[in-house]
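> structure of the sequence below:
(chains A and B)
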Amino acid sequence: MSKVHPAVLEFEKMVKDRESYVKFIDEWVKYSWKWARESKYVTVFKIQASILHAIREYLDSQGFTEVLPPIIGPVTDPGIRGAKQATVDFYGHEYKVMSSAILYKQYMAAVLGKIYFISPNIRLEPNDSVFTGRHLVEFFQVDLEILNGTLDDAMNVAEGLFMYVTRYIRDTHGKDLEKMGRDLPHYKTPFNRYTHAEAVELVNKLGCSNPRNTEILWECEKVLSAHHDSPIFIYEYPKGSRGFYNREDPSKPGYLRDFDMLYPEGFGESISGGEREYEPVKVIARIREAGEDPNKYRWFLEMLKDFYPLKTAGFGIGVERLTRYICGLRAVWEARPYPKVAGVGPAP
Amino acid sequence: MFEWLALKISELALRVKAGLIMLRGINDFINDYPLDEILLKAIKGKEGVYPFGELASYGAAILGAPINRRSYPRFLTIDDLILVPPAFTPRRLEKMAELLREPVFTDVNLETNIGGLKSSMPLVVASMGSTDIASRYSIVIAKAAAEEGIPYGIGENVHTVRGYDKRLTHGHPSFKERVMAYLTNIDKYGGVFIQQNVEDAYDEHWNKVYSDKDLEPYINEGRIAFEIKIGQGAKPGLGGVIRMRREEAVKVKEKYHFLEDPEKTSRKEVERYSVPGTYTADILRGMIRLMRTSYPRAKVWVKVGPYRDVLDVIKVSYEEGADAVIIDGKEGGTGMAPSVAMKELGYPTIVGLIKIRRARLMGINEKVSLMIAGRLFNGAHIAKSRALGATAIYAGRPFIVAAMAKGEVGVRNLIEATRVETQMVVSALGKYDVKDLSPEDVASLNKDLASALGIPYVYSSEY
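Numbers count the residues shown, from 1 in each chain, chains lettered A, B, ... in the order given. Predicted coordinates:
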């Protein structure tokens, strides 16, 4: 069974003619106020507010504490697939705008136990990302972290959160969804959990050839996503394709205690998370994989030593991607006001 | 009285000697580097493949193989190998059947896929960095390499020292000027490979390149490679040294390691030590994976110095799908290296070629290009390297010498002459595609080298 949502198909049709798509997207982001008032988007923005409300309600009920995120800092998440970081001059020091606040979550988890941020992120994505429908340069994510949490704990929270939010939206915005023609599937829990190796084997069987030991290709991710009616988890990614903070499985060298969650119906990746590496020597070796000098991350490494062993797990879920999924939108640039995409500007 | 005079004379002699030593850098280079051959080609182009000067030209010269060496070298080089043409040439017959005439050397195809980049011949311009000399001649070399259709490298620290798209130093092109001088002049062949060291990583050099709108079309065409640098031939295991003006140093004090605090020193210039960068097999593996995930449209190259565990580097690179590995031998050029490093650290280029031969015998196939570097500069070097499993040679200094002698034309001349020379020797071996060269085409003047490479030793009754 393979079911791709019509909005995803429409987006694919749009990007087929690259030239006219580029023209369209240029106008879309530069004149966003023109479409923001359309009734469809009024509804989207209202649903988005409810999604955020539901996320807070669920996480608070599970004992999480909302924490204010940093916006800038001396370093930010380097594990962002070729995207560039934005830099600001902080009184002569070079600071980065958060590409994700991941490095800053752990110490507040050490302070409060279970925490979450609803934080704005900037990633100067490569130019070809405008054709994915899933990449915004400016976006929000709900970023959470659990002290002494495990990979399974994090996946369980992700599953619970997704189920709670979709139920909440169905209950409070049933009519709106109907008006938009969005029929949310009835999900089966627990969601399927595949190791990365199993997922690769499955997509290869489904006819999308994906090499072993590399990230699931976007095209194959879609195939995998369309093959399911409920979200799925892919865990145990091979080392090297992820940020240095993902913990290597001590009992399975070369593999990480991390996961992604994919939405069904061809919408693809929604969540990345996992357990964090806490052995300073291992973190340093992993930083070198990105060719960087660990000295740049000195505060982080010192913090890890002070709080040793700082065992945490967590994940981040993109608010715009979740909105896109729930509302059944063509792309993330429909899922927020002031959308910013790679290379197109100036735009509000 | 006499003793005083003797003392004064010795002192004077030492001072003269000391004065001469100060001229040393250039003097050693002139005496030791094969300038005659390179300069002749840079000035005369393909005519330069013949040893004719102004006095002895065609008809007036009497020539023959030289049997003397200028000086007795400390270690073996690629010149201890020779090319051995056969009398019977079945492949020439095949070529003749194809062309319906006797083939000539210009029929030799040199086209080569080098690390995912299409090249007109098995030669690349090594990535040269930010030093004054490399920087000053970078634009003319870029243009000449582009027009001749061979890949061109941009070394480390260019972004941090010379600027990404705005010039940071007077008279020196920025990174962007260099890369565009090359890319806007390529046609069917060519591609650029770009290094990033620890300091460049701080400035996210590769990320910046990968999201640069002007480079986007070339990235899409597959013309861009990123080169991991694990040391260099002239100073394996050591990082570089760069001198910076104090004011500049203060600005980047947090990013780099200075021996002396630039804010406290009274000197005008301070030395900045680049770190060599720490690697383990795991780190390299992770790095290649990370690059393939982050930059799926760029090729991955790995440049490595003459390290004893170079086969492990090749193995990891091959397994992870890197596109090329370059071994830079001890004779490799540099803008700055300690004398002790050049003299004592690492093995000669020819040993790098032995490693390549062994890697191929181990089953490391053509999916990964293997290149050899270090004082290689002519068509025979290309043919010998190819015959023993290397994909191409990787050269830097010859292009600088040619640019100094005659600018862009000089560099084009040198490449053109090297092309013709390569075609000549390949056709002499009875072959018409450089891909067809194999170990049967070379033999050794040295017994040890013969056995290490598994090729015949010429002074033997079995040969």
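
> residues touching the single nearest residue of chain A relative to chain B, list them.
For chain A and chain B, the shortest gap (C-beta to the nearest C-beta) falls at residue A:240, measuring 2.9 Å. The C-beta positions use only the backbone N, C-alpha and C, and glycine is treated the same way. For residue A:240, the set of contacting residues under the criterion of C-beta atoms under 8 Å, 6 or more residues apart in numbering or on different chains consists of A:213, A:289, B:285-290, B:293, B:320.

> right, and residue A:28 touches residue A:41 too?
No - at 11.5 Å, residue A:28 and residue A:41 do not qualify as touching, with contact defined as C-beta atoms under 8 Å.

> what residues do these two have in common as contacts?
Taking C-beta under 8 Å, 6+ apart as the contact rule, residue A:28 and residue A:41 both touch residue A:35.

> quick one: low-confidence parts of the chain?
Reading this off chain A. Using pLDDT under 70 as the threshold, the predicted model of chain A has low-confidence ranges A:1-2.

> should've been chain B
With pLDDT under 70 as the threshold, chain B has low-confidence stretches at B:1, B:25, B:55-56, B:69-71.

> can you name the next helix or strand after the biggest helix by length in it?
When secondary structure is assigned using DSSP state H, the longest helix within chain B turns out to be helix B:397-428. Sequence order places strand B:442-444 as the next helix or strand after helix B:397-428, per DSSP states H and E.

> which element is residue B:372 on?
Applying DSSP H and E as the criterion places residue B:372 in strand B:369-373.

> which strands and helices sit next to that strand?
Using 3 or more C-beta pairs under 8 Å, 6 or more residues apart in numbering or on different chains; DSSP states H and E as the contact definition, the elements that strand B:369-373 packs against are strand B:112-114, strand B:324-328, helix B:349-361, strand B:392-395.

> ok, and what's touching the last one?
Same thing as strand B:392-395. Looking at what lies outside strand B:392-395 - C-beta under 8 Å, 6+ apart - the contacts are B:112, B:114, B:119, B:122-126, B:326, B:328, B:369, B:371-373, B:376-377, B:381-382, B:385-386.

> export it to CSV, keeping only CA atoms.
Only the C-alpha atoms of strand B:392-395 are listed here, as CSV (Å, rounded to 0.1, in the frame of the first residue of the first chain):
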residue,chain,number,x,y,z
ALA,B,392,46.9,11.1,-12.3
ILE,B,393,49.8,13.2,-11.0
TYR,B,394,49.2,16.2,-8.7
ALA,B,395,51.6,19.0,-9.2
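
> enumerate the residues of chain A near chain B.
Taking C-beta under 8 Å from any C-beta of the partner chain as the test, the list of chain A residues beside chain B reads A:81-85, A:93-94, A:124-128, A:211, A:213-215, A:238-241, A:285-286, A:288-293, A:295-296, A:342-343.

> tell me which entries of the residues you listed lie within strands.
Within these, residues falling in strands by DSSP state E are A:93-94.

> buried members of the residues of chain A next to chain B into ChimeraX, please.
Those of the residues of chain A next to chain B that count as buried under 16 or more other C-beta atoms under 10 Å in any protein chain shown are selected in ChimeraX with:
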select /A:81,82,83,84,85,94,124,125,126,127,128,213,214,215,238,239,240,241,285,286,288,289,290,291,292,293,295,296,342,343
